[in-house]
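J.: here is a sequence together with a model predicted from it:
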Amino acid sequence: MRGLLMKDLELIKINMKIYLAVFLIGIIYLVAQENGSTFFVAYAIFVSIGVSVGTISYDGYHHGMKFLMTLPVTKKQYIQSKYLLSFGFAVLVSVISLLLGMIRIQISGKQEAEDLLISAGTALVISCIILCGMIPLRLKYEAEKSRIVMVAVVAVIFLVAAACKELYDVYRKSFGKGLQFLDTLSGWQIAVGLIVVMMICLAVSVKVSERIMEKKEF
């Protein structure tokens, strides 16, 4: 699996100029806006998931998967390497972008460091949940089809979330205080809840990806 990770890192290195150009947009915003740290960190994290998942598409070029499967690695190890790369890269980018954001805060003094930490943590967890959907889709479908399916899934999630918010607002107006337990949740409880959701999504995603990979013939 170490060889697979080194291969993916080399793929990222080859395309580094393109990725740096994309990250440069966020850096420009960070420098131009005194309170742009939150946007920059979230932007960098979400760009990173596209970079890591994109290595799956490169593996399929010129019958690359046929060659990979002749190496002393299993399909399960291939899946594990993709999740390790994607989550590890997201964490690395989040740490680097967070440090840059903290430096910007110290210079401008226009934003609280605690707010940035909360935003960065939330963005990282959400990006990992999105990764749990993107990896199986990219394995099952071609790049273009997977993008279409992913956009559709995200759209449905936003619609469901918006509908739930509207229903909750109606409930609060009709019954006063609304759901008591939601009103009493603290920040750390919400954070733990998000992490639990992420771990469940990860477990399901890995199993789905393994099944998809087992059915593929190269």
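T.: On my side now, so go ahead. No experiment lies behind these values; they were computed from the predicted model shown.
J.: how far away is Gln111 from Ser94?
T.: Going from Gln111 to Ser94 by CB to CB, to the nearest Å gives 17 Å. (Each C-beta comes from the backbone N, C-alpha and C, glycine too.)
J.: what about those two, which has more around it?
T.: Shown here are Gln111 and Ser94; by other CB atoms under 10 Å, Ser94 has more neighbours (22 against 19).
J.: buried sites along stretch 74-91?
T.: 75, 78-83, 85-87, 89-90 (16 or more other CB atoms under 10 Å).
J.: pull the CA atoms of that stretch into CSV?
T.: The C-alpha trace of stretch 74-91 is given here as CSV (Å, rounded to 0.1, in the frame of the first residue of the first chain):
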residue,chain,number,x,y,z
THR,A,74,-5.2,-6.3,-3.5
LYS,A,75,-8.3,-4.4,-4.4
LYS,A,76,-9.0,-3.8,-0.7
GLN,A,77,-5.5,-2.3,-0.2
TYR,A,78,-6.2,0.0,-3.2
ILE,A,79,-9.4,1.2,-1.6
GLN,A,80,-7.7,1.7,1.8
SER,A,81,-4.9,3.7,0.1
LYS,A,82,-7.4,6.1,-1.5
TYR,A,83,-9.2,6.8,1.8
LEU,A,84,-5.9,7.2,3.6
LEU,A,85,-4.6,9.6,1.0
SER,A,86,-7.8,11.6,0.8
PHE,A,87,-8.4,12.0,4.5
GLY,A,88,-4.7,12.6,5.2
PHE,A,89,-4.4,15.2,2.5
ALA,A,90,-7.5,17.0,3.7
VAL,A,91,-6.0,17.1,7.3
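J.: any idea of the mean pLDDT in it?
T.: The pLDDT scores in stretch 74-91 average 91.
J.: same check on stretch 33-46?
T.: Mean per-residue pLDDT for stretch 33-46: 84.
J.: with stretch 8-27 instead?
T.: For stretch 8-27, mean pLDDT rounds to 82.
J.: also stretch 191-202?
T.: In the prediction, stretch 191-202 has an average pLDDT of 88.
J.: what number of residues lie near the spatially closest residue to Arg104 that is not a sequence neighbour?
T.: Spatial nearest neighbour of Arg104, excluding adjacent residues (CB to CB, 6 or more residues apart in numbering): Ser37 at 5.0 Å. Number of residues near Ser37 (other CB under 10 Å) recorded here: 27.
J.: mind listing what Ser37 touches?
T.: Shown in contact with Ser37 (CB atoms under 8 Å, 6 or more residues apart in numbering): 30, 101-102, 104-105, 111, 116.
J.: now do the helices in this structure.
T.: 2-14, 16-32, 37-60, 64-68, 75-108, 113-140, 143-175, 180-183, 187-215 (DSSP state H).
J.: of all residues in the chain, which one is nearest the centre?
T.: For the chain, Ser127 is the residue whose C-alpha lies nearest the centre (CA atoms, centre = their mean; 2.5 Å).
J.: no further questions, thank you.
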